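**Student:** Sequence below, structure please.
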Amino acid sequence: MATAVSVDIPKELQGDSPDDVLFSSIYGVRSIELNRPKKLNSLDASMARKIVPRLREWEKSDMANIIMISGAGEKAFCAGGDVAALAMQNKTKEGQKKSCDYFALEYKLDHSVATYSKPYIAIMDGITMGGGVGLSVHAPFRIATERTVFAMPETTIGFFPDVGGSFFLPRLDGEIGTYLALTSERLLGVQAFYAGIATHYVNSSVLGSLTTRLSELVFNDYTTLGERLRLVNNTIAEFISELPSPDSYERSPYGNLAGDLRKAIDRCFAFDSVEDVLRALEVESVSDEPGAMPKWAAHTLKTIQARSPTSLRVTLRQLREGKAWSIRETFIKEHTIASNFVAHPDFVEGVSARLIEKPARDPAWNPANLESITEKDVDTFFTYPEGIEQLQLLPPTKGGAPEDFHDYPHARFALPREVDIRDVVNQVGSQGQRGVMKRLLQDWNEKVGVLEKVKDVLARKTQVDPRNQKVIWKE
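**Tutor:** Numbers count the residues shown, from 1 in each chain. Just a heads-up that it's a prediction; the model follows:
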């Protein structure tokens, strides 16, 4: 049975809501429950101020083995940051400073998740967007369910995909990250798993049993972080059954990011300018070539054209540069960008038009078109505005977790990435497709979903020599 943890509320938190985050313990599991279901568990400063010190406290505790974070209710894990409250205060310099302070706190929290020294599991059950992505996507374990709705909708509201989006989006396969960032398109259920957003997929009905099972795990004092993570990974795997089809979601007209759709995404979103992306979509929208996706391209073209032009330009620059940023650099640079966006008219306009006003309306972006935004204008978003200090991240704690990195240290708990599959093809391609799949299944411990993904990647990225059946990577 879960037991509530009773703590004295520090003086600086006494003006905050007392119940917006609930902390509990079941043996070695420490649970964080975001408790604003009527607001879809949107993250605000009150919640972040409670979570940060609790995570630090649990890192030092020998009794806390595993951290699990989830959201109250059945609709959302966390639908994002409480941007409506931020936008309303951004009309004054003082309010803008408060927004910058909020983002600083949020990014410190997200960085703590990314470098946490104990197993951290995010239950992405329901809507997982914006700020909810920051609390989950950097963790070694991200569990999607049939109710998961993932998106980075920031360009829709005149902002940019923050909370570490500069880091995780460019590290997704191909141009998936660019596509999700510029369009704000959603991934449903198991689609988030196949895209690499989630590391596991389970049915929501088993989450309670999974928590109980995890609480039974016992670690020796000398057990390394890697060994603990492997045990947790194997335990989660016990609750995974067959995966649903990625194309089984009625609200997702184009299905899984695979096959011809993935080829089209990589074709159209591989460019370094928004104009080139739009031109590629225009060509795709009228193409009658085999494998073309004209209906998807026309829809996507219309979607991007409705986004903030400033957000689009800054976002594409952010993603291209973010490929080279470390995790520490990412949050410091994103705080720079956020500090500039809070003073930009598109942020207030986008949030007001899309989220506050009833009925919602189309925002009036300023500037209204891409041609009015120069490279020099984009440059300003990557320099701290006057009066805003550089973000100081929290110092790391000892425990075996890396303090900084350029690639996720626990990436192998998710499905193999295309670079992983490429490496195996280059190593054992002479053994044919069966040999490649056998090797990947072995390396990923027979993980459910590996075969489905590998088959798609091999179909798109390789060719077979008819003389000897050798698999050859095309690029």
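**Student:** what about stretch 412-427, average pLDDT?
**Tutor:** Stretch 412-427 shows an average pLDDT of 97 in the prediction.
**Student:** Kindly report the same for stretch 113-125.
**Tutor:** Average pLDDT, stretch 113-125: 97.
**Student:** Any idea how far apart the tips of that stretch sit?
**Tutor:** With CA to CA, to the nearest Å applied, stretch 113-125 spans 18 Å between its terminal residues.
**Student:** Ok, stretch 349-361 next?
**Tutor:** One end of stretch 349-361 to the other measures 10 Å (CA to CA).
**Student:** what do you get for stretch 106-124?
**Tutor:** Using CA to CA, the two ends of stretch 106-124 sit 18 Å apart.
**Student:** just stretch 457-474 next, same as before
**Tutor:** End-to-end span of stretch 457-474 (CA to CA): 11 Å.
**Student:** show me the contacts for Gly126.
**Tutor:** Gly126 makes contacts with 40, 71, 73-77, 145, 147-149, as judged by CB atoms under 8 Å, 6 or more residues apart in numbering. Just so you know, the C-beta spots here come from the backbone N, C-alpha and C atoms, and that holds for glycine as well.
**Student:** what about the helices in the stretch 251-400 of the chain?
**Tutor:** Remark: helices assigned in the stretch 251-400 of the chain by DSSP state H, counting those that start in this stretch are 259-268, 274-285, 294-305, 309-322, 327-341, 345-351, 375-380.
**Student:** would you turn the ones you listed into TSV with mean neighbour count and distance to Thr235?
**Tutor:** Output for these, formatted as TSV (neighbours: other CB atoms under 10 Å; distance: least, CB to CB, whole Å):
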stretch	mean neighbour count	distance to Thr235
helix 259-268	20	32
helix 274-285	18	42
helix 294-305	17	39
helix 309-322	23	33
helix 327-341	23	26
helix 345-351	22	41
helix 375-380	11	46
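**Student:** host element of the nearest residue to Gln318 once chain neighbours are set aside?
**Tutor:** Counting by CB to CB, 6 or more residues apart in numbering, Gln318 lies nearest to Ser166, which is 5.1 Å off, once chain neighbours are set aside. Counting by DSSP states H and E, the element that carries Ser166 is helix 165-168.
**Student:** contacts for the helix or strand just after that helix?
**Tutor:** Downstream of helix 165-168, the first helix or strand assigned by DSSP H and E is helix 176-183. Contacts to helix 176-183, defined as CB under 8 Å, 6+ apart, come from residues 151-152, 154-155, 161, 165, 168-172, 185, 187, 195-196, 257, 262, 265, 269-270, 274, 277, 300, 303-304, 307, 312, 315-316, 319.
**Student:** Apply 6 Å and report the result again.
**Tutor:** Outside helix 176-183, the residues that touch it by CB atoms under 6 Å, 6 or more residues apart in numbering are 152, 161, 169-170, 195, 257, 265, 269, 300, 303-304, 315, 319.
**Student:** Need the CA coordinates for that helix. CSV is fine.
**Tutor:** Taking Å, rounded to 0.1, in the frame of the first residue of the first chain, the C-alpha atoms of helix 176-183 are listed here in CSV:
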residue,chain,number,x,y,z
ILE,A,176,11.3,12.6,-37.9
GLY,A,177,12.4,15.2,-35.3
THR,A,178,12.3,18.1,-37.9
TYR,A,179,8.9,16.9,-39.1
LEU,A,180,7.4,16.8,-35.6
ALA,A,181,8.9,20.1,-34.6
LEU,A,182,7.8,22.2,-37.6
THR,A,183,4.3,20.7,-37.9
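**Student:** Okay, buried residues for that helix please.
**Tutor:** Residues 176-183 are the ones in helix 176-183 that count as buried (16 or more other CB atoms under 10 Å).
**Student:** Show me how far it is from its chain's centre.
**Tutor:** 11 Å (CA atoms, centre = their mean, to the nearest Å).
**Student:** between that helix and helix 294-305, how big is the angle?
**Tutor:** Orientation of helix 176-183 against helix 294-305 (axes from the mean of the first three to the mean of the last three CA atoms, to 10 degrees) gives an angle of 60 degrees.
**Student:** all numbers from here: first residue = 14
**Tutor:** With the count now opening at 14, the last piece we talked about shows up as helix 189-196.
**Student:** Can you show me the strands along this structure?
**Tutor:** For the chain, the strands defined by DSSP state E occupy 16-17, 34-39, 42-47, 79-84, 89-91, 133-137, 140-142, 154-157, 162-164, 200-201, 213-214, 475-477, 484-486.
**Student:** and the angle for the third one with strand 79-84?
**Tutor:** Pointing back at strand 42-47 there. Interaxial angle, strand 42-47 versus strand 79-84 (the same axes, to 10 degrees): 20 degrees.
**Student:** Name the spans of this protein whose pLDDT lies under the cut-off.
**Tutor:** Low-confidence segments of the chain, defined by pLDDT under 70: 14-28, 262-268, 412-413.
**Student:** picking up where we left off before, looking at the contacts of Gly139, which has the most residues close by?
**Tutor:** Using other CB atoms under 10 Å as the neighbour test, these are led by Phe90, with 31 neighbours.
**Student:** Quick check: it touching Gly145?
**Tutor:** Yes. Phe90 is within contact range of Gly145, at 5.2 Å (criterion: CB atoms under 6 Å).
**Student:** Check the gap between the closest residue to Gly272 other than its chain neighbours and Arg67 for me.
**Tutor:** Using CB to CB, 6+ apart and skipping residues adjacent in sequence, the residue nearest Gly272 is Asp469, 6.4 Å away. As judged by CB to CB, to the nearest Å, Asp469 and Arg67 stand 41 Å apart.
**Student:** on that earlier part again, may I see the helices of the stretch 264-413 of the chain arranged in a markdown table, with distance to Ala58 as well?
**Tutor:** Listed next are the helices of the stretch 264-413 of the chain as a markdown table, based on distance: least, CB to CB, whole Å:
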| stretch | distance to Ala58 |
| --- | --- |
| helix 272-281 | 36 |
| helix 287-298 | 33 |
| helix 307-318 | 32 |
| helix 322-335 | 23 |
| helix 340-354 | 14 |
| helix 358-364 | 16 |
| helix 388-393 | 26 |
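**Student:** Appreciated, that's everything.
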